[in-house]
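Undergrad: What shape does this take:
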Amino acid sequence: MKKNKQPNFSKAHRDYVKKLKKDKFFIIFFRIFILVAFLGLWELLTYFKVVDPFFISSPSRIVLQIVELCKNGTLLTHTWVTLYETLIGFTIATVIGYVVAIALWCNEKLRKILEPYIVVLNSLPKIALGPIIILWVGAGTSAIVVMCVLICVIITTMSMMSAFLSVEEGKILLLKSMHANKFQILFKLVLPNSMPEFISVLKINVGMSWVGSIMGEYLTSKAGLGYLIVYGGQIFRIDLVMASTIILCILAFGMYYIVSLLEKKFSSFRGKS
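TA: Here you go, the predicted model:
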């Protein structure tokens, strides 16, 4: 049997691929280096009492605090509460915002009527609605999820509506000339064309949903990472505050990474199609 010959790439192509690998290694190395250097400097400054660890804690004390939370089972409980609230708020806000944007694109008069109100709602500080939300839906998880949804849904609606309206008019006219109706134009052209913007909205909502859930836990909660941050601040346990913040960063990064994987899958699918 004849062996399949490997493609014979030119020297310029091999050099280009080698340069890409070097650049990738360079970026990853310095990402890790900056993090390690920052943590090392932080630890040294607190160890030699250049800064007081009572006010800024230290990496070693944060690790010990996380270990303590793991041992008494507190970490898993509070992490799950905040993660659950964030995922629910993220999902509801994304779905509602996307559907509302579609409705506004389909009905131009409705869009022109509601657009000023959407802009006003977007500029309104959502935390000012905290007491009203608690009165309407009660304290606890419901209020936190509503706060999360309010923060994300307007951004989703405005971003997706802008993406829908940015579709080239010439392509729409081409489909109309082929007797395509409104829904055919929507599903065959507008929605596929807006997928990159949708991925961008998901990335934005990752951060905003965590802001909403923590903000809600500041107002009303008996559990969650936001509750631990508030509680730690009240009893002056900065180690607890910093440990909860670090866990929040890890969870937010995890959600963002999942969205990035979806973006890569979508990009590879579009490349093949």
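Undergrad: Enumerate every residue touching the residue nearest in space to the middle of the chain.
TA: For the chain, the residue nearest the mean C-alpha position is residue 206 (1.4 Å; C-alpha atoms, centre = their mean). With contacts defined as C-beta atoms under 8 Å, 6 or more residues apart in numbering, the neighbours of residue 206 are 90, 252, 255-256, 259. Quick note: C-beta positions are derived from backbone N, CA and C, even for glycine.
Undergrad: Identify the residue nearest residue 131 in space, chain neighbours excluded?
TA: residue 219 (8.0 Å; C-beta to C-beta, 6 or more residues apart in numbering).
Undergrad: Got the confidence number for the one you found?
TA: On pLDDT, residue 219 comes in at 83.
Undergrad: ok so, going back, would you mind listing the buried residues in the helix or strand hosting the residue nearest to the centre of the chain?
TA: Using DSSP states H and E, residue 206 sits within helix 195-219. Residues 198-203, 205-206, 208-219 are the ones in helix 195-219 that count as buried (16 or more other C-beta atoms under 10 Å).
Undergrad: I figured residue 217 hits residue 224, correct?
TA: Yes: contact criterion C-beta atoms under 8 Å: residue 217 and residue 224 qualify, at 4.5 Å.
Undergrad: Overlap of the contact sets of these two?
TA: With C-beta under 8 Å, 6+ apart as the test, residue 217 and residue 224 both reach 82, 85, 144.
Undergrad: Of those - the most surrounded one?
TA: Ranked by the number of neighbours (other C-beta atoms under 10 Å), the shared contacts of residue 217 and residue 224 place residue 144 first, at 32 neighbours.
Undergrad: That residue - nearest residue in space that isn't next to it in sequence?
TA: Using C-beta to C-beta, 6+ apart, the closest residue to residue 144 is residue 216 (3.2 Å).
Undergrad: just to revisit the earlier point, if you rank the contacts of residue 206 by neighbours, which is first?
TA: residue 90 (24 neighbours).
Undergrad: From residue 116, how far out is it?
TA: According to C-beta to C-beta, to the nearest Å, residue 90 and residue 116 sit 27 Å apart.
Undergrad: do the same with residue 238
TA: 45 Å.
Undergrad: between these two, who's got more neighbours?
TA: The neighbour comparison of residue 238 against residue 116 (other C-beta under 10 Å) goes to residue 238, with 19 against 9.
Undergrad: doesn't residue 55 make contact with the more buried one?
TA: Yes: with contact defined as C-beta under 8 Å, residue 238 reaches residue 55; the gap is 6.4 Å.
Undergrad: Show me what stretch 78-90 is in contact with.
TA: Outside stretch 78-90, the residues that touch it by C-beta under 8 Å, 6+ apart are 69, 141, 144-149, 152, 205-206, 209-210, 212-214, 216-217, 221, 223-228, 244, 247-248, 251, 255.
Undergrad: average pLDDT across that stretch?
TA: 93.
Undergrad: Please shift the residue numbers so they start at 15 in all later answers.
TA: Sounds good: first residue 15 from here, last item stretch 92-104.
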